[in-house]
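**Q** Take a look and give me a structure for this.
(one chain, ligands or ions: 1)
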Amino acid sequence: MSRDINNKYWDEELETLPHDQLEARQLEDLKEIVKFAYENAPYYQRSFDAAGVKPEDIKTLKDIEKFPFINKTTQRDTQGVGSFLGELAAVPEEEVVFISTSSGSTGVPTMSPFTKKDFDEFQDTESRWFWQVGMRPNDRYVHALNFSLYVGGPDVIGAQNLGALCIWGGTLPSERLLFVLKTYQPTVIWTSPSYAWQLGEKALKSGIDPKKDLNIKKIIVAGELGGSIDSTRKAIEDLWGAEVFDFYGLSDIFGACAAMCEAKDGLHIAENHILVETVDIHTGEVLKPGEVGELVFTTLRKHARPLIRFRTGDIGWIDNTPCKCGRTHGRIHINGRKDDMFIVSAVNVFPSDIEAVIREISDITGEYLIRVFEKDFTCKYSVEIEKNADNKKSDEQIAAEVSASLKARIGVKPYSVIVHPDGGLDTRSEHKSKRIIDERKLEYNI
Ligand SMILES: [Zn+2]
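**A** Now for the predicted structure:
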């Protein structure tokens, strides 16, 4: 490979393009994709006509605001309708080379189709993220993500195209994965943040010190918010003696659409592929950069199934201020899923806020379970935690400390804090952890 390994950018011109030039490029692609969607996807033709908009209405990037939203329900309602790929697809099936499907954890799984060009551009974006976190051809990389149907599976090809030695780990049992880490001494791994933590703990328990016996220098995490919660990220970094970088992806678009750089202050989003808006979760009104709302993405270059104004269900904000790393693409900050947010005494609470507090408190293990419920027709939450085996404080004292920290940081006290012994919570899973139980029966329109 002729690429200069000392250059910090994978694609310097693209990654450092002045923002006005990046926007000019976005506008060109936006005009093309909106026209392509209108002419080839039955759903868009119908919805644009119903809204009284046409592709020629796009004269500036802001004109996207005239177009109707779509969401997960739109995908579900249109898939399989009229053809195998459904009414949001804009190419015939013979042009599609790959489909991934969502986990279906919040309903019927939705599939995401890619043409050959979509797929190649997806992988080039993945190579760019891997390069951004410092992966180089002399690295050994373990891709410890699910390969079955999951959109993050093929991201390993991006690492391979970069020239790294790739080990397609998948979701191996921990003992096998630790064997791989010890025997092959890989330098980079990608997994979920909760699993990175648990794997490190398991290594220690089986007599392997991740810092001394393993060679992991970088841990990429995605799928949960931990990598963007400073206290969680630092805890994983300390456990492994490695740097942790957060990636963010959507099964509807790419494996990773955004990734942290060395500044670790938000995740650069591939603005050459995605036009980002933030909207008010209630009214759909477009918000300014820096304001927190639901992230809405328009895919600019994915032709198999263009997504025009897709409401992601993720709450966050976009930061367009210059980043120390020199990259000009905006950075997104994710607060959590709209579905996981709950409101206590008029305060919006995300499980990630609670996690940030729990992980900062010493003498407890960092494991937690949140229960959201109603009492007297108002929403309450309780938190269950584990104390460290050598913690001498009484359960009451620990509960009071945790409660006070949550009140100070989030603004609302938990209804109760239940203290378990080390290992007493059943939240350590091999993959994504279930850490919130929602027992509410009333309808909340948030
Ligand atoms: Zn940066």
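
**Q** And the closest residue to V417 other than its chain neighbours, what's its pLDDT?
**A** With CB to CB, 6 or more residues apart in numbering as the measure, A399 is the residue that lies nearest to V417, at 4.0 Å, once sequence neighbours are left out. C-beta: built from backbone N, CA, C; applies to glycine. For A399, the model assigns a pLDDT of 95.

**Q** what's next to the helix or strand encompassing A399, contact-wise?
**A** Counting by DSSP states H and E, the secondary-structure element that holds A399 is helix 395-410. Helix 395-410 is contacted from outside by 347, 349, 353-354, 356-358, 360-361, 363-364, 383, 385, 387, 391, 393, 412-414, 416-419, using CB atoms under 8 Å, 6 or more residues apart in numbering.

**Q** right, and D265 touches C323 too?
**A** Yes: between D265 and C323 a contact is recorded at 7.1 Å, counting by CB atoms under 8 Å.

**Q** what about these two, which has more around it?
**A** C323 (18 against 15; other CB atoms under 10 Å).

**Q** dump the residue contacts of that one.
**A** By CB under 8 Å, 6+ apart, the neighbours of C323 are C261, A263, D265, G266, H268, R331.

**Q** Of those residues, just say which sits nearest to the ion.
**A** Nearest to the ion among the contacts of C323: C261, at 3.3 Å, using CB to the ion.

**Q** ok, that closest one to A196 distance?
**A** If you measure C261 against A196 using CB to CB, to the nearest Å, the figure is 19 Å.

**Q** how about the CA coordinates for the top helix by length along the chain, as CSV?
**A** When secondary structure is assigned using DSSP state H, the longest helix within the chain turns out to be helix 19-40. Output in CSV follows, covering the C-alpha atoms of helix 19-40 (Å, rounded to 0.1, in the frame of the first residue of the first chain):
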residue,chain,number,x,y,z
HIS,A,19,-17.2,23.3,5.5
ASP,A,20,-18.6,25.5,2.7
GLN,A,21,-17.1,23.2,0.1
LEU,A,22,-18.4,20.2,2.0
GLU,A,23,-21.9,21.8,1.9
ALA,A,24,-21.6,22.5,-1.8
ARG,A,25,-20.8,18.8,-2.3
GLN,A,26,-23.7,17.8,0.0
LEU,A,27,-26.1,20.0,-2.0
GLU,A,28,-25.1,18.4,-5.3
ASP,A,29,-25.6,14.9,-3.9
LEU,A,30,-28.8,15.9,-2.2
LYS,A,31,-30.4,17.2,-5.4
GLU,A,32,-29.4,14.0,-7.2
ILE,A,33,-30.6,11.6,-4.5
VAL,A,34,-33.9,13.3,-3.9
LYS,A,35,-34.6,13.2,-7.7
PHE,A,36,-33.5,9.6,-7.8
ALA,A,37,-35.7,8.6,-4.9
TYR,A,38,-38.7,10.4,-6.4
GLU,A,39,-38.3,8.8,-9.8
ASN,A,40,-37.5,5.3,-8.6
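
**Q** ok so, going back, roughly how far out does the helix holding A399 sit from the chain middle?
**A** Counting by CA atoms, centre = their mean, to the nearest Å, helix 395-410 is centred 29 Å from the centre of its parent chain.

**Q** can you pull the contacts of R128?
**A** Under the criterion of CB under 8 Å, 6+ apart, the contact list for R128 reads W10, D11, E15, G158, A270.

**Q** Domain ranges for the chain, per the record?
**A** In the assignment given by automatic domain parsing, the structural domains of the chain cover 1-339, 342-438.

**Q** rewinding a little: and the longest helix of the chain, how far out from the chain middle?
**A** With CA atoms, centre = their mean as the basis, the mean position of helix 19-40 lies at 25 Å from the chain mean.

**Q** and if you look at stretch 121-130?
**A** Using CA atoms, centre = their mean, the mean C-alpha position of stretch 121-130 is found 16 Å from that of the whole chain.

**Q** Could you do stretch 232-249 as well?
**A** On the basis of CA atoms, centre = their mean, the separation between the geometric centre of stretch 232-249 and that of its chain is 14 Å.

**Q** In contact with E65, which residues?
**A** Taking CB under 8 Å, 6+ apart as the contact definition, E65 lies against E277, V286.

**Q** Looking at the chain, which strand is longest?
**A** Residue-count comparison of every strand in the chain, with assignments taken from DSSP state E, identifies strand 364-375 as the longest.

**Q** and that strand, C-alpha only, in PDB?
**A** This file holds the C-alpha atoms of strand 364-375, laid out as PDB (Å, rounded to 0.1, in the frame of the first residue of the first chain):
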ATOM      1  CA  ILE A 364     -19.300  -0.100  43.900                       C
ATOM      2  CA  THR A 365     -18.800  -2.400  40.900                       C
ATOM      3  CA  GLY A 366     -20.400  -0.100  38.300                       C
ATOM      4  CA  GLU A 367     -23.100  -2.600  37.400                       C
ATOM      5  CA  TYR A 368     -26.600  -1.300  37.700                       C
ATOM      6  CA  LEU A 369     -30.200  -1.900  36.800                       C
ATOM      7  CA  ILE A 370     -32.800   0.900  36.400                       C
ATOM      8  CA  ARG A 371     -36.500   0.400  37.000                       C
ATOM      9  CA  VAL A 372     -39.000   2.900  35.700                       C
ATOM     10  CA  PHE A 373     -42.500   2.700  37.200                       C
ATOM     11  CA  GLU A 374     -45.500   4.700  38.200                       C
ATOM     12  CA  LYS A 375     -46.600   5.500  41.700                       C
END
